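In: Make a model of this:
(one chain, ligands or ions: 3)
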Amino acid sequence: MRPQPEPDYTHGSIARTAILLVNLGTPDAPDTPSVRRYLKQFLSDPRVVEIPRAVWSLILHGVILPFRSSKSAAKYASIWTAEGSPLKLHTERQARLLRGYLGERGHAVEVAYAMRYGNPSIDSVLDKLKADGCDRILVVPAYPQYSGTTTASIWDAVFQHYASVRNIPELRLVKHYHDHAAYIDALRDSILDHWKTNGRPDKLLMSFHGVPKRTLMLGDPYHCECHKTGRLLAAALGLTADQYLVTFQSRFGKAEWLQPYTAPTVARLAKEGVRRIDVVCPGFTSDCLETLEEIAMEVKQDFLVAGGKEFHYIPCLNESSRWIAGMADIALQHLHGWPTGPEPGLRDRMARDAQASREHALALGAER
Ligand SMILES: C=CC1=C(C)c2cc3[nH]c(cc4nc(cc5[nH]c(cc1n2)c(C)c5CCC(=O)O)C(CCC(=O)O)=C4C)c(C)c3C=C
Ligand SMILES: [Fe+2]
Ligand SMILES: [Fe+2]
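Out: Ligands and ions are numbered 1, 2, ... in the order given. Alright, predicted model coming up:
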């Protein structure tokens with residue numbers, strides 16, 4: 001689309017700074033039509049599925065959408081809350097708490113959230129931020145580890161949005177924070193809290209969302225970033241190499257994905273006599289279908305059926321106060337140099353800008 005007309009530019013406007021927290025997205029409701037709509041948008045993204053379009057379109061519309069939508073809807077129904085999708089609720093609360101946390105520390109920053117697929121869409125939220133006078137936007141993905149399938153897709157959507165905008169705000173994009181001390185420390189504290197109340201496991205599994213192995217072969221750093229998070233977290237917890245494992249979950253389709261897969265690994269551990277495992281999912285900053293249903297229900301069942309005795313799922317960072325402070329740390333590092341609060345001399349500058357704006361309008365009127 002060609003760049004659209006803008007309202008007349010005014011010198012007096014004060015540019016505001018905003019943080020946009022972007023998560024993957026979730027269906028609007030746990031029913032088949034909503035899940036189908038969501039899966040259609042998600043799985044049509046060429047960043048997510050790299051199969052040639054014509055072939056994939058046949059598989060998607062002929063097999064996946066007709067058969068998977070109702071099955072996934074039933075899974076969503078099992079984790080849905082009275083207030084809606086857990087993923088959306090946590091993301092919304094994180095944004096609200098982050099705004100408050102920064103505000104209390106003198107940073108007058110707007111914080112909004114958007115979803116890559118579904119609602120609120122990146123398009124609608126970027127439009128709103130523009131209408132609210134935000135001329136500097138820091139985009140923070142909810143994914144600590146970079147992957148072309150997720151992080152890059154958010155960037156695609158942001159760039160696509162601005163392709164039709166004439167007056168684009170200043171933009172900064174956070175690529176990853178898989179090794180950021182604030183993120184690792186928040187994870188460590190959450191695990192230690194769990195162990196304080198529940199005791200320690202024989203093994204800690206760190207289960208990350210998988211991606212096709214092919215993406216690793218093509219140079220996607222996701223696998224390495226997951227392992228780095230795993231190493232740093234284990235070191236922060238004082239674990240030895242035999243006390244933890246990094247695994248990958250949520251395999252989709254028949255191709256090989258990153259290994260070892262979470263479900264067969266827990267079954268193997270149970271058969272080898274491991275009595276208790278704890279599973280944490282550091283790649284998800286909010287609990288969602290993949291953690292609450294796949295790990296805390298399905299994988300738990302796999303472990304117990306194979307002879308395991310005790311299974312603990314350790315919740316995601318969600319809106320824990322440690323994580324809100326951690327997000328603020330990460331955001332402030334990337335906001336560096338941007339005004340985030342009332343500036344000294346703002347009144348004078350506003351008066352000067354307003355005067356300049358009137359003069360500019362007069363000059364424009366004369367030209368027209
Ligand atoms: C088809 C390929 C998929 C890739 C590649 C993929 C990568 C990927 N996904 C996440 C995070 C989440 N995925 C979630 C759900 C989900 N993921 C896929 C497929 C791929 N993901 C599907 C089809 C679904 C929908 C559910 C289902 O039908 O199985 C979610 C949960 C969303 C929710 O509403 O709760 C998250 C979060 C990451 C981080 C990632 C690559 C690194
Ligand atoms: Fe996924
Ligand atoms: Fe899944």
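In: for residue 205, phi and psi?
Out: Main-chain torsions, residue 205, degrees, to the nearest 10: phi -100, psi 130.
In: And the strands in this protein, which stretches?
Out: Under the criterion DSSP state E, strands of the chain are mapped to 16-25, 110-117, 134-141, 170-173, 203-209, 244-249, 276-280, 310-314.
In: Let's have those in CSV, adding mean neighbour count.
Out: Any C-beta I mention is one placed from the backbone N, CA and C, and that applies to glycine too. Putting the strands of the chain into CSV (neighbours: other Cβ atoms under 10 Å) gives the following:
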stretch, mean neighbour count
strand 16-25, 24
strand 110-117, 23
strand 134-141, 22
strand 170-173, 15
strand 203-209, 25
strand 244-249, 22
strand 276-280, 22
strand 310-314, 20
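In: Save the ones you listed as a markdown table, and put in mean pLDDT and distance to ligand 3 too.
Out: Formatted as a markdown table, these follow (pLDDT from 0 to 100; distance: least, Cβ to the ion, whole Å):
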| stretch | mean pLDDT | distance to ligand 3 |
| --- | --- | --- |
| strand 16-25 | 97 | 12 |
| strand 110-117 | 98 | 15 |
| strand 134-141 | 97 | 19 |
| strand 170-173 | 98 | 27 |
| strand 203-209 | 98 | 8 |
| strand 244-249 | 98 | 7 |
| strand 276-280 | 99 | 14 |
| strand 310-314 | 98 | 14 |
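In: could those strands go into a markdown table alongside distance to ligand 1?
Out: Listed next are those as a markdown table, based on distance: least, Cβ to the nearest ligand atom, whole Å:
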| stretch | distance to ligand 1 |
| --- | --- |
| strand 16-25 | 4 |
| strand 110-117 | 9 |
| strand 134-141 | 9 |
| strand 170-173 | 17 |
| strand 203-209 | 4 |
| strand 244-249 | 9 |
| strand 276-280 | 15 |
| strand 310-314 | 15 |
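In: Make CSV out of those strands and add distance to residue 52.
Out: Shown next, in CSV, are the strands of the chain (distance: least, Cβ to Cβ, whole Å):
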stretch, distance to residue 52
strand 16-25, 24
strand 110-117, 21
strand 134-141, 27
strand 170-173, 28
strand 203-209, 24
strand 244-249, 25
strand 276-280, 36
strand 310-314, 38
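In: which residue sits closest to the closest residue to ligand 1 within the stretch 51-200 of the chain, ignoring its sequence neighbours?
Out: Residue nearest to ligand 1 within the stretch 51-200 of the chain: residue 72 (3.6 Å; Cβ to the nearest ligand atom). In space, and not counting its chain neighbours, residue 72 is closest to residue 35: 5.0 Å by Cβ to Cβ, 6 or more residues apart in numbering.
In: Counting neighbours, what do you get for that neighbour?
Out: 25 (other Cβ atoms under 10 Å).
In: can you check residue 131 too?
Out: The burial count for residue 131: 9, using other Cβ under 10 Å.
In: tell me the contacts of the residue of the stretch 1-150 of the chain found nearest ligand 1?
Out: Using Cβ to the nearest ligand atom, residue 26 is the residue of the stretch 1-150 of the chain that sits closest to ligand 1, at 3.1 Å. Residue 26 is in contact with 38, 76, 85, 87, 88, 115, 118, 288, 289, counting by Cβ atoms under 8 Å, 6 or more residues apart in numbering.
In: Now do the fifth one against residue 27, distance only.
Out: From residue 88 over to residue 27 the distance is 10 Å, taken as Cβ to Cβ, to the nearest Å.
In: From residue 216, how far out is residue 224?
Out: In terms of Cβ to Cβ, residue 224 sits 8 Å off from residue 216.
In: And for residue 264?
Out: Taken as Cβ to Cβ, the span from residue 264 to residue 216 is 19 Å.
In: quick one: residue 243 from residue 277, how far?
Out: Computed with Cβ to Cβ, the distance linking residue 243 and residue 277 is 11 Å.
In: cool, residue 41 as well?
Out: Distance from residue 41 to residue 277, by Cβ to Cβ: 35 Å.
In: same thing with residue 119?
Out: Distance from residue 119 to residue 277, by Cβ to Cβ: 36 Å.
In: now residue 94, nearest residue through space, not along the chain?
Out: Using Cβ to Cβ, 6+ apart, the nearest residue to residue 94 is residue 319, at 5.5 Å.
In: for residue 297, same thing?
Out: residue 78 is the one closest to residue 297 (Cβ to Cβ, 6+ apart), at 7.1 Å.
In: Show me which residues of the chain are close to ligand 3?
Out: Counting by Cβ under 5 Å from the ion, the chain comes close to ligand 3 at 250, 290, 294.
In: re the thing from before, how much space separates the residue nearest to residue 94 from residue 119?
Out: Residue 319 is 20 Å from residue 119, by Cβ to Cβ.
In: Counting neighbours, go ahead and name the busier of the two.
Out: residue 319 (19 against 14).
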